[in-house]
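*Asks:* please find the sequence and the predicted model below.
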Amino acid sequence: MKILIDIGHPAHVHLFKHFAWQMQNKGHEIFFTCREKEFEIYLLRKYGFKFKSFGKKYVSTLGKLLGLIEFDIKEIISGIKFKPDIFLSHGSIYAAHAAFLLRKPHIALEDTGNWEQVRLYLPFTEVILTSDVFPIDYGKNKQIRYMGHHELTYLHPNYFQKDESFFKMLNIAKNEKFVLLRLVAWNATHDIGQKGISKNSLREIIKLLERKYRVFISTESNLNENFKKYKISFPPDRMHQALYYADLFIGEGTTMSMEAAILGTPSIYVNSLQYSNVKDMEKYGLIYNFKSTEGLLNKIKEIMSDENIKLEWQKRRERMLKDKIDVTAFLVWFVENYPESARIMREEPEYQYRFK
């Protein structure tokens, strides 16, 4: 089987990497397409995948409209050359359009439900795989729900391995406590009108955290001069080690907030955008969810006062994992046995229990 996977974000490389490795070990051929946003190229090369880059993403509204046409054409050309049996993506408009024109199935994974994207790929997609807590209904003929989250495809205990050499790279002692803050660029289409941590709030947060922790900031955009000394750039393939060993994570981005929680690190999500996956982690007590910075400092003080908080979070993580499946194992089975797998899941959704 030949599978073309379209990547729209660095996190999507992590989403599909174990799936791709397992499928390659089974004799299937995998090919990635991508645009350059942040670290996609680095990760695809690091993991040894065959890929085609379509160039840099457009930021302006007009640019995104032009990019829709340009990247559609490039995806179609890649499909013609590679001749995939299936297109797979995290809700890629380009993969959906190319699959439709080349008369191949497109399987999409979805966890945000951003309508400005979904409406452009939904009509051209055979199956949308979503978490069982995902609130939007795309119809029983399109949507299949599974018990898990995207981040479990690479952070499930079957795949993630901690590596203490991380501390040497960071040049800190193993017993030195540190906090990781993640600030986003706010230039995605779904970010319009949204907000997270203001500069004034960031200043107060850092001042408080420095009483107990070493503070590191990871960001997609330029920092104010006052904060530049905190900025750090982890190798993208090592970021999950940082999240695992951190004593606390505070971030505006959904993905890294989820990753920290799933790894058992106290996670604070600050964003006016609210997603079902974050709320699910909140249910297990793994994420503190803030629409604004109101009350944030008090929550940080509460966390700082608990010397056993990491141990408690690991217990909460174990409770969460008991309710979830190995999403990569499920995805390998689903794609390898498609379309029969879709029929089985629609008629017998409890079939997924075997992937726990």
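*Replies:* It's in.
*Asks:* my guess is Lys2 contacts Gly27. True?
*Replies:* No: assessed by C-beta atoms under 8 Å, Lys2 is found out of contact with Gly27, at 11.0 Å. C-beta: built from backbone N, CA, C; applies to glycine.
*Asks:* higher neighbour count, these two?
*Replies:* Lys2 (13 against 7; other C-beta atoms under 10 Å).
*Asks:* next, the contact list for that one, please.
*Replies:* Contacts of Lys2 were listed using C-beta atoms under 8 Å, 6 or more residues apart in numbering, and they are 28-29, 31, 82-86.
*Asks:* quickly list what it is bridged to.
*Replies:* Taking DSSP bridges, one obtains Glu29 as the residues bridged to Lys2.
*Asks:* quick one: Asp280 from Glu151, how far?
*Replies:* Separation of Asp280 from Glu151 (C-beta to C-beta, to the nearest Å) stands at 11 Å.
*Asks:* which one of these two has more residues nearby?
*Replies:* For Asp280 and Glu151, the more surrounded residue by other C-beta under 10 Å is Glu151, and the numbers stand at 27 against 22.
*Asks:* do you know how far that one is from Phe330?
*Replies:* 14 Å.
*Asks:* and the helix or strand Met345 falls within, what does it pack against?
*Replies:* Counting by DSSP states H and E, the element that carries Met345 is helix 340-347. Counting contacts by 3 or more C-beta pairs under 8 Å, 6 or more residues apart in numbering; DSSP states H and E, helix 340-347 packs against strand 143-146, helix 327-336.
*Asks:* how far does the last one sit from its chain's centre?
*Replies:* Taking C-alpha atoms, centre = their mean, to the nearest Å, one finds the center of helix 327-336 at 18 Å from the center of the full chain.
*Asks:* what's the answer for the shortest one, then?
*Replies:* Mean-position distance between strand 143-146 and its chain equals 18 Å (C-alpha atoms, centre = their mean).
*Asks:* hmm, who's touching the following helix or strand past it?
*Replies:* Sequence-wise, the next helix or strand downstream of strand 143-146 (DSSP H and E) is helix 152-155. Residues outside helix 152-155 that contact it (C-beta under 8 Å, 6+ apart) are 14-19, 159-160, 240, 259, 262-263, 324-328, 331.
*Asks:* now do 6 Å
*Replies:* 14-15, 18, 262-263, 324, 327-328 (C-beta atoms under 6 Å, 6 or more residues apart in numbering).
*Asks:* and Pro235, what's its pLDDT?
*Replies:* As predicted, Pro235 sits at a pLDDT of 83.
*Asks:* okay, now it: neighbour count?
*Replies:* Neighbours of Pro235 under the rule other C-beta under 10 Å: 13.
*Asks:* with Trp21 instead?
*Replies:* For Trp21, the count of nearby residues is 17 (other C-beta under 10 Å).
*Asks:* nearest residue to it in space, please, no chain neighbours.
*Replies:* Tyr47 (7.9 Å; C-beta to C-beta, 6 or more residues apart in numbering).
*Asks:* buried sites along stretch 155-171?
*Replies:* Buried residues in stretch 155-171, defined by neighbour count with 16 or more other C-beta atoms under 10 Å: 155-156, 159-160, 166-167, 170.
*Asks:* His9: which of those residues is nearest?
*Replies:* Of all the buried residues of stretch 155-171, His9 sits closest to Leu155, with 16.0 Å by C-beta to C-beta.
*Asks:* any idea how far the closest one lies from Val13?
*Replies:* Distance from Leu155 to Val13, counting by C-beta to C-beta: 14 Å.
*Asks:* ok, Trp115 next?
*Replies:* Distance, Trp115 to Val13, by C-beta to C-beta: 25 Å.
*Asks:* of those two, which one has the most company?
*Replies:* Neighbours per residue, other C-beta under 10 Å: of Trp115 and Val13, the larger number sits with Val13, 26 against 12.
*Asks:* contacting residues around the more buried one?
*Replies:* 7, 43.
*Asks:* buried residues in the helix or strand in which it is found?
*Replies:* Taking DSSP H and E as the criterion, Val13 maps to helix 10-25. By neighbour count on 16+ other C-beta under 10 Å, the buried set for helix 10-25 is 10-21, 23.
*Asks:* for stretch 261-275, same thing?
*Replies:* The neighbour-count check on stretch 261-275 (16+ other C-beta under 10 Å) flags 261-271, 273, 275 as buried.
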